[in-house]
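A.B. asks: Quick one: sequence plus predicted model below, questions after.
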Amino acid sequence: MELIGYEEVGADRLNATFAALADPTRRAILSRLASGDATVTELAAPFDMTQPAISKHLKVLERAGLVTRGRDAQRRPCHLEARPLVVAIDWLENYRGYWEESYRRLDTLLDERRHAPKSAGEQS
């Protein structure tokens, strides 16, 4: 029996999250929503683009599960959903050890070069 499980669903969600985060406008929208819900009009204000263009960005963020839209009387505020970001952070965390070790090796190399005796041709 072949399992179509969390790995595939999780990979699809992770891919959607990173694709959504690849665009600076979408990252700016998420940053704005981190301070509270906002309407499309409010989100569009700092950008030199139309509301329909912002709506397209919001659709990408919604498909990635990063944004939901609610209903508050006549307002349709957008809301940040942080859970997909946690999944992305967890995935990136897997590489922390690699980078820490790489930096340790670089520090060691730089220390060795700093403390190595200078050859006759070198000047400080």
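C.D. replies: That came through, no problem.
A.B. asks: make it CA atoms for all contacts and neighbour counts henceforth
C.D. replies: OK.
A.B. asks: And the most centrally placed residue in the chain, what's its pLDDT?
C.D. replies: Centroid check for the chain by C-alpha atoms, centre = their mean gives residue 21 as the closest residue, at 4.8 Å. Per-residue confidence (pLDDT) for residue 21: 96.
A.B. asks: Off-centre distance for the lengthiest helix in the chain?
C.D. replies: Looking across the chain with DSSP state H, the single longest helix is helix 96-115. Remark: helix 96-115 is offset 27 Å from the chain centroid, using C-alpha atoms, centre = their mean, to the nearest Å.
A.B. asks: List the buried residues of stretch 61-69.
C.D. replies: Buried positions in stretch 61-69, judged by neighbour count with 16 or more other C-alpha atoms under 10 Å: 61-62, 64-69.
A.B. asks: closest to residue 38 among those?
C.D. replies: Among the buried residues of stretch 61-69, residue 69 lies closest to residue 38 (C-alpha to C-alpha), at 9.4 Å.
A.B. asks: Quick one: mean pLDDT over stretch 84-91.
C.D. replies: Across stretch 84-91, the average pLDDT comes to 89.
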